[in-house]
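Trainee: The following block contains a protein sequence and its predicted model.
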Amino acid sequence: MNAGRASGDRLERFAVTPARKRRDSTARAVMLGATIIALIPLVLIVYYLLRKGLGSWSSSFFTTDPTGNTFFKSSSIGGIKSAILGTIEIVALASAMAIPVGLGVAVWLVEYGKDSRLAQAVRFFVDVLTGVPSILFGLFIYIVLIVGTGSSYAGYKGSLALALLMLPVVTRATEVILQLVPGALREAALALGAPRWRVILRVVLPTALPGMITGVLLAVARAAGETAPLLFTAAATLKTNFNLGQFMNSLPVQIYSDVTSPTTAVVNRAWGAALALVAMILLLNVIARLISRRSRLA
Amino acid sequence: MRSPRPSSGVADLESDSRSDTDEQRRERIAPGAGASSPTATATAAAAATSAAVEPQAGLGVRLEQLRAFYGDLEAVSGIDLDFRANEVTAIIGPSGCGKSTLIRCINRMHEEIPGARAQGRVMLDDLDVYSPSVDVVAVRRAIGMVFQKPNPFPTMSIFNNVAAGLRLSSGRRGDLRPKVEAALRSAGLWDEVSERLDEPGAGLSGGQQQRLCIARSLAVDPEVILMDEPCSALDPIATLKIEELIDRLKARVTIVIVTHNMQQAARVADRTAFMLDGRLIEVGPTHEIFTRPADPRTEEYVTGKFG
């Protein structure tokens, strides 16, 4: 009997109290609410993009350049071909400049610089650059390459501005991934009598590759959506252009100039262009996710 | 110049059948540094004599007043210790006594840790691996290492893991198949993996992975293999296989093994060294260390009174 009551008391000690139950459900409700609040603008953006953007999509939307004829209702305003191709060209050149340099910096930081004073300084400035507003990169290129040389806008100048923007992002993303490569693998390779450069090329980089591709693609996607650095470096133009030394159109700048137009059709073109831009960036993100799923690093 | 060889035809035959002569080995580590000194020829002769007994002799390692530091912290304080060629020497001692640091000094892996440095001499046969003319990469080719946790390269197949030893150290291409098979056979892994050489090395069991790592270090033909608690992450059966392997390998290489497991030291080691607080307390034939230790601290440790 005594023993029975003792075990009953013990059970009571472990029972869930109403107060704890209440606190639990309140906390859950608050967090769920926060999630919903965060989702509302996201869902609305996607909804308006699809509703307004899809309406202006047609086959000629992607195959014709903007004509600039917005005054007469009878004439066609054209599509966004030059903007799509311009974005691809400018971002490709920017990537070609920023990715190798960013990778190099990251490899140096992780494999050679480590915790040296110079490496710490580099890390600090990379962090500072990551936080610099994108318009400053455009201003910098504008002052140095356009005002400074007295020349005009050009596609490659836009690429340079984007490359500056991408550089810290690429560096930071790949540095983090390289640090995830277990030190035991480097030790194993070094202990086999491998020179350090071969350890990096044959063991560290292949192990980190999927993660690095993900980081790099996210940086590319970020650059593709930037308007500010292109506004006064590559400018806006109408014609499709494959010469990076001349004015070049791009999606963000086209959206920016279209959306300020008084003509409804042109504003609708901005929505269509925005949807196209989001679709391109989404595609890059999906590819990045698929690659990161193959990563061997936890 | 030729080193004086014993006149026995067997010895000449044996040493000629090896891939490298001792001079060539020394040449590999320190170009132009080896064969000129008189002691070099004397040890070469000694090695040639032992070669008559062991077709593939390892090289002895001698520590002279070795000290190792992490920043200001002294982890190994002045150790003199001989690792005899083609013997298994176990290093035992409580955690943090400097065992791992000590063996990482032998192939100069210690200096890979930021702020770490070593003083004193580590003689591989008659060559100081810390002398400025010595290439650290060549030292590590001659002195292989097996780590506590099996660490096959995750991006590589079983075959490529073993071939990595060759490709990484010499950048060698061409047909590596015979070398890879030989290394896997020496590591006692060939029969288990010969059908699936293209599968990832990380898919093997822990014990198989560790033997894969041993095969990887054997592939580059080292004279010495250092093992840093190679069985501490393995189950008893896998441990037994590694211990049998160690016993077979000592015909080919000199082995230094750090272990926490005193039964393991008793099973595999010819000689055992006991370390405490960065100092060498005692070294001797394994059965003497375990049955008639000279130092009371050794006795306390091997009988389980501390550590």
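Mentor: Structure received.

Trainee: name the element residue A:21 belongs to?
Mentor: Taking DSSP states H and E as the definition, residue A:21 sits inside helix A:18-48.

Trainee: The next helix-or-strand element following that helix - contacts with which helices or strands?
Mentor: Elements were assigned by DSSP H and E; along the chain past helix A:18-48, the next helix or strand is helix A:54-56. Judged by 3 or more C-beta pairs under 8 Å, 6 or more residues apart in numbering or on different chains; DSSP states H and E, the packing partners of helix A:54-56 are helix A:264-293. The way it works is simple: take the backbone N, C-alpha and C, and place the C-beta from them, glycine included.

Trainee: and the helix it packs on, which residues are buried?
Mentor: A:266, A:268-278, A:280-281, A:284, A:288, A:291-292 (16 or more other C-beta atoms under 10 Å in any protein chain shown).

Trainee: ok, back up a step: pLDDT averaged over the helix holding residue A:21 - what is it?
Mentor: Helix A:18-48 carries an average pLDDT of 95.

Trainee: which residues sit in contact with residue B:143?
Mentor: B:61, B:106, B:107, B:124, B:129, B:222, B:223, B:224, B:225, B:226 (C-beta atoms under 8 Å, 6 or more residues apart in numbering or on different chains).

Trainee: So for residue A:115, what's the pLDDT?
Mentor: 86.

Trainee: I'd say it and residue B:113 touch.
Mentor: No: assessed by C-beta atoms under 8 Å, residue A:115 is found out of contact with residue B:113, at 11.6 Å.

Trainee: Of those two, which one has the most company?
Mentor: Neighbours per residue (other C-beta atoms under 10 Å in any protein chain shown) separate residue A:115 from residue B:113, with residue B:113 holding more: 14 against 10.

Trainee: From residue B:140, how far off is the closest residue to the more buried one other than its chain neighbours?
Mentor: In space, and not counting its chain neighbours, residue B:113 is closest to residue B:70: 6.9 Å by C-beta to C-beta, 6 or more residues apart in numbering or on different chains. Distance of residue B:70 to residue B:140, computed by C-beta to C-beta, to the nearest Å: 20 Å.

Trainee: Beyond the helix or strand that contains residue B:82, next helix or strand please.
Mentor: In this assignment (DSSP H and E), residue B:82 forms part of strand B:73-83. Later in the chain than strand B:73-83, the nearest helix or strand by DSSP H and E is strand B:88-92.

Trainee: So which other helices or strands are in contact with that following strand?
Mentor: Going by 3+ C-beta pairs under 8 Å, 6+ apart, strand B:88-92 lies up against helix B:99-106, strand B:254-258, helix B:262-268, strand B:271-276.

Trainee: Could you rerun that using 6 Å?
Mentor: strand B:254-258, helix B:262-268, strand B:271-276 (3 or more C-beta pairs under 6 Å, 6 or more residues apart in numbering or on different chains; DSSP states H and E).

Trainee: Between strand B:73-83 and it, find me the angle.
Mentor: Counting by axes from the mean of the first three to the mean of the last three C-alpha atoms, to 10 degrees, strand B:88-92 points 150 degrees away from the direction of strand B:73-83.

Trainee: Just the angle for strand B:88-92 relative to helix B:99-106, thanks.
Mentor: Using the same axes, to 10 degrees: strand B:88-92 against helix B:99-106 is 140 degrees.

Trainee: ok now strand B:88-92, how far from the chain's centre?
Mentor: 11 Å (C-alpha atoms, centre = their mean, to the nearest Å).

Trainee: Tell me the strands beside that strand, with direction?
Mentor: strand B:254-258 (parallel), strand B:271-276 (parallel) (DSSP bridges).

Trainee: would you turn these into a markdown table with mean neighbour count?
Mentor: Output for those, formatted as a markdown table (neighbours: other C-beta atoms under 10 Å in any protein chain shown):
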| stretch | mean neighbour count |
| --- | --- |
| strand B:254-258 | 26 |
| strand B:271-276 | 25 |
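
Trainee: Those: which one's closest to residue B:290?
Mentor: Smallest distance to residue B:290 across the strands paired with strand B:88-92 (C-beta to C-beta): 7.3 Å, for strand B:271-276.

Trainee: what are the C-alpha coordinates of that closest one, in PDB please?
Mentor: Provided in PDB are the C-alpha atoms of strand B:271-276 (Å, rounded to 0.1, in the frame of the first residue of the first chain):
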ATOM      1  CA  ARG B 271      59.400  -2.600 -27.800                       C
ATOM      2  CA  THR B 272      57.300  -0.200 -25.700                       C
ATOM      3  CA  ALA B 273      58.000   3.300 -24.600                       C
ATOM      4  CA  PHE B 274      56.100   4.900 -21.700                       C
ATOM      5  CA  MET B 275      55.700   8.600 -21.700                       C
ATOM      6  CA  LEU B 276      54.400  10.900 -18.900                       C
END
